Structure formats: structure tokens, C-alpha cells
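**Student:** sequence? don't have it. structure:
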């Protein structure tokens, strides 16, 4: 049994012509219109219950020329039963007769269907035959002769099939109009020429050229119009309109070419501008990287400055602790001075008791009391100044605390913080110098007070041992002078 797959027949006109080929032949040929019927016949034959003989030929006609071939199913059939493909193509202008769609849509549909035909032909070379559908109208015997090699006992009878299904005037005019506009669809013309080159019967490639087809349709249109005098005038008007349309399309093509050139120039300008912007972007990225490096450096400097501020705060706290210690020592000195004053009062009382015995001793004791009172006044003034110094030191500590708070904001005002830090360092150095001087003065005052106490104790002892008293040179004047110098220094520190 032979199996022929016929596909690509565009419209009933060509399907009818293909069927008529087998009405005038002898041979056991059966035409099948649906793929389901074909599968049923093959299944029946495989089961031994069908009427298909070994010398029979099944011809499956795919009536929808745009439908996809059931490739997978045909491949399975081909494994059991060798297939022969009869592939029929038609010029793209025939696609306009199948629907009222636009020419662009019809050309896309034609390209899809005929590309599938060509791919099928290339995939099955040796068992596939390509034909122009128009060959069924005027070269039917040649088509049948090619297929006869695949169909056993096939013999042609009668005359060659004639064009009994001529196109009406409106369809001829539509095909002519579509052929004129196909100038703007070069892909369709290229595929048509490929199909022509694969034809199983000899064809004139020149007839497939667009100009030849336009001329053919124009002549067919005139011949058909001459048979209908009433339509001749309308046909001429249609031809004139078509010529006008051709002129308009040519103008539109020139305008489109001009617009394309303008767009190309704009695209080149945009490309140049884009390159310039890319260079600017690269430069901006480099500058941004440099700014980022500078920012990191400033951030590191601020971190270092914050660490220094922390050290300064620690030093300020240490200074405050030392000042507190100094205050305690001063308070101890004041306590000693108070004790000394009490001892002095006791000495005055003792001297008053001895006044009757020695007037000169009374006078000397009075002088010593006056000196002691002056020393007490100076000591009270010194204590007051020390308290003031303590308040100033607390104020300095408070200022240092404020500077610590300001250091937390150093990221926002690094330059200002640096200036304040330099001032704080200078103030701290000055304060340390003043504290050192004050400490030295206090140590000197303490030494002088001790000397004075020793002299008082010495005089007091002499009074009791000898019963008489002789005036000795006192060192109160230098001590008083040093105390006054200390008070002056404390006053300077206050201001």
C-alpha cells in the first residue's frame, strides 16, 4: 500500500483540480479528506479488517492550507508505512482570497504556511515533491506523471484538465492589486523563488518574478474585463486608481527613506551624546572615589581627635582629683594655723601673767600678738582665695565637661573642635603651671609656719627656763612678705 500526503492546496479551486486528476485515471486510489479517517483506515489495515489492498494507494488531502502538519503523528506512521509528500505552493497574492484581512497579515500567514512546506520538503527529500498549484490547472498530466511513479497501476485517461474554474473578475482584480503591493514584501518574493527552484516539474523562473506576475494579472484582468463590457470602464478606473496608489506608495517609500535617514542621523547624534555622557559619568565616578577617600581621611582624623579629647578629659579629671587633694592639704594647713593661733593665745595669756614681772616681755608679747593677728588675717584671706580658686577649678572642670560634650559633635564641626581643643590644651598647661606655683608657695608657707612655731616654742621655753626674756630678731617680716606674694599670686590666678 502506498500513502500520499497532499498539502498546501490554497482554496477549493486547487483542491477541485487535484481531485479531478484521479477521476480520469485507472488505479486503486482512495482519497481521504481528514486525518482521523486516514488513521482509521491504517488501523483497520493493521488489524487485517480493512478493505485496503496491498496495491492500493491512500491519498490524504489537507484542505486547510494554513494548518500545521501533524508532524509527530506522520513520523509514527512513517515508521510503519513509507510516506510520499505532494506539496503544493501558490503565489502570495492568492492568500488575499481566503479572508478579508490586511495584506500584511495575509503575507505573514502565507510565509508561515509555505515555510512549513519548504521545511517539510527539505526534511524529506527523495520522498517529497513540490508543485506550483497553478500546474494543476494547465499542466495536470505532468503532475500526475510525477505521482504515477509512486502509485502502482496508475494510468491517465482522457484529456488534460482544463481551467474550468476560472477566477471571477473581482478576484482577478484583487489578485492584481495585491501583486502590485507585494513590491514592499521582498521576503515573500524570495521564498516564492526558492519554492519555484524546488518544483518537481520544469518551470520558468522568470514567470515567478514580480513584474512578470503583475503583467500576467494585468493581461488576465483585461481579458476578463473584455468579456464584460459593462465592467470595462470600472476596470479602467480601478487600474487608474491602482496606478495612483502605486505612485502614492512610491512617494511614501521616498518619504519613509528620508525619515529613516533623519532617524539614523538622530541616532548617531544620540550615540555621540551618550558617549560624552559616559565620559562625564566616568569622570564623576573618579571624583566621587577621590571625595570618598578624603571623607575617610577626615573621618579617621576625627576619630583620632575624639581619642585625644578622651585623653584630655581623663587628664582634666586627674587634675580635679589633684586639686581636691591640694584643698585637703590646705585645709590641714588652716587647721594647723588655727592650732597655732590657739597656742599663740595661750602664750599671750602666759605673757600677760608675766607682765607684772617684766614690762618689756609684755610689750614683746603684744607685738607678737599683733603679728599673729596679721598672720591669721592673711591666712583667712588665703583660705578665701583658695575657695575662690576651688570654684574656678570647678568651673574649669565644668568647662572641660562641656568640651567633652562638644567633642561628641566633632564630626559636624571638626575645625571648630580643633581650635577649642588647642585653647583647652593651652588653658590646661597654664593651670598646671599655676597649680605647681601654688603648691610651691603653699610648701614655702608651711615651712615658714613651722619655723615660726619652732621660734615661738623656743621663746616660750626660754621664758620658763631663765625667768627673764631678751628680745631676739624675728623672721616674721620675710614670712609675711612671702604670704603677701602668695596672696598676689592667688589674685592673679583668680583673674
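**Tutor:** Cool, got the structure. It should be emphasised that the depicted structure is a prediction, and the values quoted were computed from it without experimental measurement.

**Student:** separation between the residue lying farthest from the centre of the chain and residue 255?
**Tutor:** Distance from the centre of the chain peaks at residue 357, with 111.3 Å (Cα atoms, centre = their mean). As defined by Cβ to Cβ, to the nearest Å, residue 357 lies at a distance of 146 Å from residue 255. Where you see a C-beta, it was placed from the backbone N, CA and C, and this is true even at glycine.

**Student:** Check residue 83 too.
**Tutor:** 51 Å.

**Student:** Name the residue in these two with the higher neighbour count.
**Tutor:** residue 83 (17 against 10; other Cβ atoms under 10 Å).

**Student:** distance of the more buried one from residue 60?
**Tutor:** 9 Å.

**Student:** Give me the common contacts of these two.
**Tutor:** Any residue near both residue 83 and residue 60 by Cβ atoms under 8 Å, 6 or more residues apart in numbering counts here, and that gives 3, 4, 5.

**Student:** How far does the lengthiest helix in the chain sit from its chain's centre?
**Tutor:** For the chain, the helix with the greatest residue count under DSSP state H is helix 229-353. Averaging C-alpha positions (Cα atoms, centre = their mean, to the nearest Å) puts helix 229-353 19 Å from its chain's average.

**Student:** Got the domain ranges for this structure?
**Tutor:** Domain assignment for the chain by automatic domain parsing gives 2-167+186-203, 300-494.

**Student:** Packed most tightly, which of these would that be?
**Tutor:** domain 2-167+186-203 (a mean of 17; mean count of other Cβ atoms under 10 Å).

**Student:** pLDDT of that one, averaged?
**Tutor:** Average pLDDT, domain 2-167+186-203: 79.

**Student:** Any idea how far apart the tips of it sit?
**Tutor:** 27 Å (Cα to Cα, to the nearest Å).

**Student:** again, but for stretch 346-366
**Tutor:** Terminal residues of stretch 346-366 are spaced 13 Å apart (Cα to Cα).

**Student:** Then stretch 21-31?
**Tutor:** First-to-last residue span, stretch 21-31, Cα to Cα: 11 Å.

**Student:** try stretch 45-65
**Tutor:** Stretch 45-65 has an end-to-end distance of 28 Å (criterion: Cα to Cα).

**Student:** ditto for stretch 59-70
**Tutor:** One end of stretch 59-70 to the other measures 15 Å (Cα to Cα).

**Student:** Please enumerate residues in contact with that stretch?
**Tutor:** So stretch 59-70 is contacted by 3-11, 15, 18-19, 22, 29-33, 35, 38, 90, 98, 109, 112-113, 116, 120 (Cβ under 8 Å, 6+ apart).

**Student:** So which of these are in helices?
**Tutor:** Per DSSP H, the subset of the contacts of stretch 59-70 in helices is 15, 18, 19, 22, 35, 38, 109, 112, 113, 116, 120.

**Student:** can you pull out the strands in the stretch 101-250 of the chain?
**Tutor:** Taking DSSP state E, counting those that start in this stretch as the criterion, the stretch 101-250 of the chain carries its strands at 128-132, 155-156.

**Student:** Any idea which of those gets closest to residue 455?
**Tutor:** Between residue 455 and these, the tightest spacing by Cβ to Cβ is seen for strand 128-132, at 143.3 Å.

**Student:** how much distance is there from that closest one to the middle of the chain?
**Tutor:** Per Cα atoms, centre = their mean, the displacement of strand 128-132 from the mean C-alpha position of its chain is 56 Å.

**Student:** before we move on, what about stretch 5-16?
**Tutor:** 57 Å.

**Student:** who's in contact with residue 146?
**Tutor:** Neighbouring residues of residue 146 by Cβ under 8 Å, 6+ apart: 129, 131, 200, 201.

**Student:** Would you mind measuring from it to residue 85?
**Tutor:** In terms of Cβ to Cβ, residue 146 sits 12 Å off from residue 85.

**Student:** And for residue 303?
**Tutor:** 84 Å.

**Student:** With residue 173 instead?
**Tutor:** Distance, residue 173 to residue 85, by Cβ to Cβ: 34 Å.

**Student:** ok, now residue 132?
**Tutor:** Taken as Cβ to Cβ, the span from residue 132 to residue 85 is 15 Å.

**Student:** low-confidence ranges in the stretch 251-400 of the chain?
**Tutor:** 284, 358, 361-362, 364-365, 368, 400 (pLDDT under 70).

**Student:** Checking residue 439 next. Helix, strand or coil?
**Tutor:** Following DSSP: H, G, I helix; E, B strand; the rest coil, we place residue 439 in the helix state.

**Student:** Once you drop chain neighbours, what's closest to it?
**Tutor:** residue 326 (6.7 Å; Cβ to Cβ, 6 or more residues apart in numbering).

**Student:** Give me the contacts around stretch 285-295.
**Tutor:** For stretch 285-295, using Cβ under 8 Å, 6+ apart, there are no contacting residues.

**Student:** next one: stretch 353-372 to chain centre, how far?
**Tutor:** Chain-centre distance of stretch 353-372: 101 Å, with Cα atoms, centre = their mean.

**Student:** Repeat that for stretch 378-393.
**Tutor:** For stretch 378-393, the distance to the chain centre is 69 Å (Cα atoms, centre = their mean).

**Student:** picking that back up, my guess is the residue nearest to residue 439 meets residue 435, correct?
**Tutor:** Yes. With contact defined as Cβ atoms under 8 Å, residue 326 reaches residue 435; the gap is 7.1 Å.
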